[in-house]
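Asker: Give the three-dimensional model of this entry:
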Amino acid sequence: MESDERKPLLPKRQTSNFPHNEIANSHGSINNGTMLTSDGMIVTYSHIITNDASDQEEVGLKDTPQHVYRRRWYILMLFALMGFMQNISWNTWGPLSQSVKIAFGWTNADVALLTNWGCITYIISAAFYSWLMDAKGLRISCVMTAGLVFFGSALRCITMEPRPATFLIHTAQILNGFAGPVLMAGPPVLSAVWFPAFQRTTATSLAMLFQSLGIAGSFIIGPLLVPIDNTTAVNSTVFSNETVAATRFNILKLMYIECVCSIAVFLAVLIYFPDKPQLPPSVSTSSDRIDFKTGMRQLLRHWSFWKISISYALALGISGIWAPLLSFYTLDLISETEAGWLGFYGSIACGVAGCIFSRFTDIYARRQKRVLIFLYIFSLCACILFSLECIKRIPFHRGILYTTYIGSTASLQGCAPLFFELICETAFPIAEGLTNGIQTWLNNFVGLIFLLVFLIPAIGNSSDLQWMNWTMVGATAVCIPILLTYKESYNRLDIDTIVVLNDETDAPNSFAEIPSNNSTDGSQPVA
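Answerer: Numbering: from 1, shown residues only. Below you'll find the predicted structure:
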C-alpha cells in the first residue's frame, strides 16, 4: 500500500466543523472506527447508535466501511473532459457570429437559436436524466452523454453547403443539448459518490472548471481557425466567392478537430467508467436516498430549496447565455477576435474562481451563504460599470472593459459549485441527481426565455443589443434579497463524521479495529 492512502483524510482542525453533539442529540450517539482489510487498505466506518431499530431505519444510515480511492481523480478527469468537449461544441457558433453570416447567410436570430437548443433540450430531458443518474448510476448516463457529443460533432463534418449544413448543424446542436443534463447536474452526483465530505465542493468545481475551459476554448479556437476582416463583415452584405469558400473551409477544419477529440473522449468513457467505488467515501454516500417521486413531492414544499434554486437560475441562467454572446453587444467597441479573447479570459477566470471559492468553503465549512451574497454584490457592481461603458456613459478604456466583464462573470459563474453543493446539503436525503436536475432545469428555462427574445424581429435583428447587459444587471440585483432570506442548513455534512489518523504509525499490524478518538459517548466502535 502506498503512503498517501494512509495519510489523514482531514486535518485535525477540521474535525470541529462536524457537529457531533447535535447529531448525537438527534439520533443517539455516533461511533467511528478504522480497520485494516485483507488487501492492505485502511478503511473508516461510522455509524449512529440509536435508541431503537426503527430510529436507525428512519435515519437511513448503514454500518458500511468507507474508503477513498485514488482512481476518483481519473474518473473526475474523464467527466471533466466530457464537459469540456460538450461546451466547446455547444459554444462554437457564438464566437463565429460574423463568420457564419459569410459562410451560410445566417442572422443573429439563427445564431441565438443554435445556442438556445441547449436550453430547449435540457428542459425536455432533465427529468429523465435526473432519474437515470439516481436510479441507474453514472456509467450508463456518462456513456450516453459522451456518445451524443461524439455523434453531434460527426454530423457537422458532412457538408458545408448552406441548406444541408444548416439542418445538420441544428441537429448536432440538439444532440449536444441532450448531453447537457448529465454534465451540468452530474458534478455534485459524482463528487458525492467518489469523494469524501471535505473534497466534495472542490471536486464539483474541478468538473465545472473544464466546462468553463470548453467555453474559453471556443472563444479562441474558433476565431483563430476562422479569421475574418471584422470591418468587412460588419459593413458588407455581399461577399466574394473566394471569401465564402475560404470561410466554409476553415469552419470545416474546426469541425474535424472537435470531432476527433470527441471520439477520443467517448472511447475512454466506454472503456472504463464505473458507476461507483466498491466502498463509499463517506457516511452520507452509503445512506439511503428518498425515492424519485417522493423526493419530487417533498421538494415542491421545500422553501429553502426554492430560494437557492431561484437565486442560482435567475442570475446564472442569464449569465450563461449573456457571456457567450459577448460579440453581440461589444462589436462597436472591439473586434470579433478581441471579443473572443475577452470571452476566453472571462471563462478561464470563471473556472479558476470556482475552484478557489470551492476550496475555501471546503476548508471553512458552513459559510456558503455569506460567500454567495458577497460575490453577487461584487458581480452586480462590476456589471453596472461594464454596461455603462458599453453605452459610452463613461469614457471607454480597455482596462475597465476587461476588468468589469471578467470580474462580473467570474464572481457570478464561480458561484455555481457552491450552489450545487449547498442545495444538496439543504435537500438531503433527497437524491443529488433530482435536486440538481431541478435547479439546472430552472437555469436553462431562464436562459431559454432570454434567448427567445431574439425571435422578435425588432429586437433580434437590431444593431443595438445593450438591453442584454441591463437584463443581466436586473437579474443579479433581484437575487440578492432572496439569498438574504435563505436559512442555511447542512443536513448531509451533519452526518459525515470522518476519522483522522494521526500518522502512518497509527496503522495496525493485524485486522483488528482501531478505536476512534472522537466517539461522542466514549464507547468502543462496534464491528
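Asker: And the helices in the stretch 251-400 of the chain, which stretches?
Answerer: 283-286, 292-300, 303-322, 326-330, 336-363, 368-390, 398-413 (DSSP state H, counting those that start in this stretch).
Asker: out of those, nearest to residue 423?
Answerer: Evaluated with C-beta to C-beta, the helices of the stretch 251-400 of the chain place helix 303-322 nearest to residue 423, the distance being 5.0 Å. (C-beta placed from N, C-alpha, C; glycine too.)
Asker: between whatever helix or strand residue 440 lives in and helix 303-322, how many degrees?
Answerer: Element membership for residue 440 (DSSP states H and E) is helix 432-452. In terms of direction (axes from the mean of the first three to the mean of the last three C-alpha atoms, to 10 degrees), helix 432-452 departs from helix 303-322 by 40 degrees.
Asker: and helix 432-452, what does it pack onto?
Answerer: For helix 432-452, the packing partners by 3 or more C-beta pairs under 8 Å, 6 or more residues apart in numbering; DSSP states H and E come out as helix 108-135, helix 180-194, helix 292-300, helix 303-322, helix 416-427.
Asker: Can you give the distance of that helix from its chain's centre?
Answerer: 12 Å (C-alpha atoms, centre = their mean, to the nearest Å).
Asker: now stretch 391-407
Answerer: Computed by C-alpha atoms, centre = their mean, the separation of stretch 391-407 from the middle of its chain amounts to 28 Å.
Asker: What of stretch 322-335?
Answerer: Worked out by C-alpha atoms, centre = their mean, stretch 322-335 lies 24 Å from the chain centre.
Asker: Export that stretch to CSV, keeping only CA atoms.
Answerer: Only the C-alpha atoms of stretch 322-335 are listed here, as CSV (Å, rounded to 0.1, in the frame of the first residue of the first chain):
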residue,chain,number,x,y,z
TRP,A,322,-25.1,36.6,-22.0
ALA,A,323,-21.4,35.7,-21.7
PRO,A,324,-21.0,33.5,-24.8
LEU,A,325,-22.8,36.2,-26.9
LEU,A,326,-20.2,38.8,-26.0
SER,A,327,-19.5,39.8,-29.6
PHE,A,328,-23.2,40.9,-29.9
TYR,A,329,-23.0,43.8,-27.6
THR,A,330,-19.3,44.8,-27.8
LEU,A,331,-19.0,44.9,-31.6
ASP,A,332,-19.0,48.8,-31.6
LEU,A,333,-16.1,48.7,-29.1
ILE,A,334,-13.8,45.8,-30.1
SER,A,335,-13.4,43.3,-32.9
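Asker: Make residue 1 into 21 and carry on from there
Answerer: From this message on, residue numbering opens at 21, which makes the last subject stretch 342-355.
Asker: can you count the residues close to the residue nearest to residue 223 when sequence neighbours are not counted?
Answerer: Leaving aside its sequence neighbours, residue 223 sits nearest to residue 211 (C-beta to C-beta, 6 or more residues apart in numbering; 3.8 Å). Per other C-beta atoms under 10 Å, the neighbour tally for residue 211 reads 31.
Asker: now residue 371
Answerer: 23.
Asker: How much space separates it from residue 433?
Answerer: 8 Å (C-beta to C-beta, to the nearest Å).
Asker: ditto for residue 289
Answerer: Distance from residue 289 to residue 433, by C-beta to C-beta: 25 Å.
Asker: more neighbours, these two?
Answerer: Neighbours per residue, other C-beta under 10 Å: of residue 289 and residue 433, the larger number sits with residue 433, 27 against 23.
Asker: Now name the helix or strand holding the nearest residue to residue 141 once chain neighbours are set aside.
Answerer: Excluding the flanking residues, the one nearest residue 141 by C-beta to C-beta, 6+ apart is residue 197, at 3.1 Å. According to DSSP H and E, residue 197 maps onto helix 182-198.
Asker: Just the CA trace of that helix, in CSV.
Answerer: Backbone C-alpha positions of helix 182-198 (Å, rounded to 0.1, in the frame of the first residue of the first chain) are rendered in CSV as follows:
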residue,chain,number,x,y,z
PRO,A,182,-25.6,26.2,-46.6
ARG,A,183,-29.0,24.4,-46.7
PRO,A,184,-27.9,20.8,-45.7
ALA,A,185,-25.2,22.2,-43.4
THR,A,186,-27.7,24.3,-41.5
PHE,A,187,-30.0,21.4,-41.0
LEU,A,188,-27.2,19.1,-39.8
ILE,A,189,-25.7,21.8,-37.6
HIS,A,190,-29.1,22.3,-35.9
THR,A,191,-29.4,18.5,-35.5
ALA,A,192,-26.0,18.4,-34.0
GLN,A,193,-26.8,21.1,-31.5
ILE,A,194,-29.9,19.2,-30.5
LEU,A,195,-27.8,16.0,-29.8
ASN,A,196,-25.3,18.1,-28.0
GLY,A,197,-28.0,19.7,-25.9
PHE,A,198,-29.3,16.3,-24.8
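Asker: re the thing from before, which residues are in contact with both of residue 371 and residue 433?
Answerer: Overlap of the contact sets of residue 371 and residue 433 (by C-beta atoms under 8 Å, 6 or more residues apart in numbering) consists of residue 232.
Asker: Quick one: low-confidence residue ranges for the stretch 271-420 of the chain.
Answerer: 303-308, 311, 347, 351, 356 (pLDDT under 70).
Asker: dump the residue contacts of the nearest residue to residue 404 once chain neighbours are set aside.
Answerer: Nearest non-adjacent residue to residue 404, counting by C-beta to C-beta, 6+ apart: residue 493, 5.7 Å away. Residues in contact with residue 493 (C-beta under 8 Å, 6+ apart) are 400, 403, 404, 407.
Asker: The residue nearest to residue 141 reaches residue 110, doesn't it?
Answerer: Yes: at 7.3 Å, residue 197 and residue 110 qualify as touching, with contact defined as C-beta atoms under 8 Å.
Asker: Find residues that contact each of the two.
Answerer: residue 138.
Asker: Next one: residue 173 relative to residue 126, how far apart?
Answerer: Distance from residue 173 to residue 126, by C-beta to C-beta: 19 Å.
Asker: neighbour count winner among these two?
Answerer: Between residue 173 and residue 126, counting by other C-beta under 10 Å, residue 173 is the more crowded of the two (27 against 21).
Asker: about what we covered before: dump the residue contacts of the residue nearest to residue 141.
Answerer: With C-beta under 8 Å, 6+ apart, residue 197 has these contacts: 110, 137, 138, 139, 140, 141, 142.
Asker: Swap in 7 Å and give it another go.
Answerer: 137, 138, 140, 141, 142 (C-beta atoms under 7 Å, 6 or more residues apart in numbering).
Asker: Residue 92 now?
Answerer: 214, 215.
Asker: Look up the pLDDT of it for me, please.
Answerer: The model reports residue 92 with a pLDDT of 89.
Asker: ok, it to residue 192 distance?
Answerer: 32 Å.
Asker: And for residue 413?
Answerer: For residue 413, the distance to residue 192 equals 41 Å [C-beta to C-beta].
Asker: Can you classify the nearest residue to residue 120 once chain neighbours are set aside as helix, strand or coil?
Answerer: Nearest non-adjacent residue to residue 120, counting by C-beta to C-beta, 6+ apart: residue 126, 4.7 Å away. At residue 126 the chain is in coil, as set by DSSP: H, G, I helix; E, B strand; the rest coil.
Asker: picking up where we left off before, how about the strand or helix carrying the residue nearest to residue 404: buried residues?
Answerer: If you go by DSSP H and E, residue 493 is part of helix 487-505. Using 16 or more other C-beta atoms under 10 Å as the test for burial, helix 487-505 gives 488, 489, 491, 492, 493, 495, 496, 497, 499, 500, 502, 503.
Asker: Can I get the residues you listed in CSV including pLDDT and distance to residue 245?
Answerer: CSV is the format used below for the buried residues of helix 487-505 (pLDDT from 0 to 100; distance: C-beta to C-beta, whole Å):
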residue, pLDDT, distance to residue 245
488, 81, 26
489, 83, 29
491, 85, 31
492, 87, 29
493, 89, 34
495, 89, 33
496, 90, 34
497, 92, 39
499, 90, 37
500, 91, 41
502, 91, 42
503, 89, 41
